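1. predicted model, plus sequence, below.
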Amino acid sequence: MDVKTVCLGMLTDGPASGYDLKKEFESSFAHFFAAGYGSIYPALSWLSEHDLVTCEEIPQDGKPDRKVYCITEAGRQFLLKALKNTQPCHKVRSEFLATMCFSHLMDAEDVQAVLDHRLADIHRYQELFRNIEQDYMSEWPEGARFVLGFGKAVAAAMETYINENRHTLAADPAARIAAG
């Protein structure tokens, strides 16, 4: 699923600006689908050009007009067709894991610092999940609840794995250099 399709899905909850969608990507979608302004605005432009969304420009004092997007019936049909894909890809792109593949070339202190930073990121996600559960989850459909639960389970598993296995990366520096 691409950014265009995810934006359409988000717009089924109601009209939103590019800024609103970015905030949604940073909160509810942060643990599994990253998108920035550089991909959101081109996606909205494409969707608008293909009549899958409408765009209303709302004047603002001293600022550029605010563009608010609404999904069209054609957009809803496009989204429903995309959701018929019963084999969606589950891609993981992790700079953390790529770094760990080459940890034998790193100083032991740097490896441990990377692990500490990853644990801190996991703890931030866990706090985000708790906040979402407290503030929004009662209004969410079951699919969104499933995704939140999946995120919580993955974060917990990552935390456990790192804590239980970080000692394996604390090998003798001489062995690290020999391996390199």
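-> Thanks, I have the structure now.

2. could you measure from Phe78 over to Met1?
-> In this view, Phe78 and Met1 are 12 Å apart by Cβ to Cβ, to the nearest Å. Placement of C-beta: from N, CA and C, glycine included.

3. neighbour count: these two, which is higher?
-> Phe78 (20 against 14; other Cβ atoms under 10 Å).

4. got phi/psi on that one?
-> phi -60, psi -50 (degrees, to the nearest 10).

5. for the closest residue to it other than its chain neighbours, give me its contacts.
-> Leaving aside its sequence neighbours, Phe78 sits nearest to Leu52 (Cβ to Cβ, 6 or more residues apart in numbering; 5.3 Å). Shown in contact with Leu52 (Cβ atoms under 8 Å, 6 or more residues apart in numbering): 4, 8, 71-72, 74-75, 78.

6. which one among those gets closest to His117?
-> His117 has its nearest neighbour among the contacts of Leu52 in Lys4, at 32.4 Å by Cβ to Cβ.

7. how about that closest one: what's its closest non-neighbour residue?
-> Nearest one to Lys4, counting by Cβ to Cβ, 6+ apart, is Ala43 at 4.3 Å.

8. mind checking which helix or strand that neighbour is in?
-> Using DSSP states H and E, Ala43 maps to helix 37-49.

9. enumerate the positions of that helix that are buried.
-> 39-41, 43-44, 47-48 (16 or more other Cβ atoms under 10 Å).

10. from memory Met137 sits against Leu148, does it?
-> Yes. Assessed by Cβ atoms under 8 Å, Met137 is found in contact with Leu148 at 6.7 Å.
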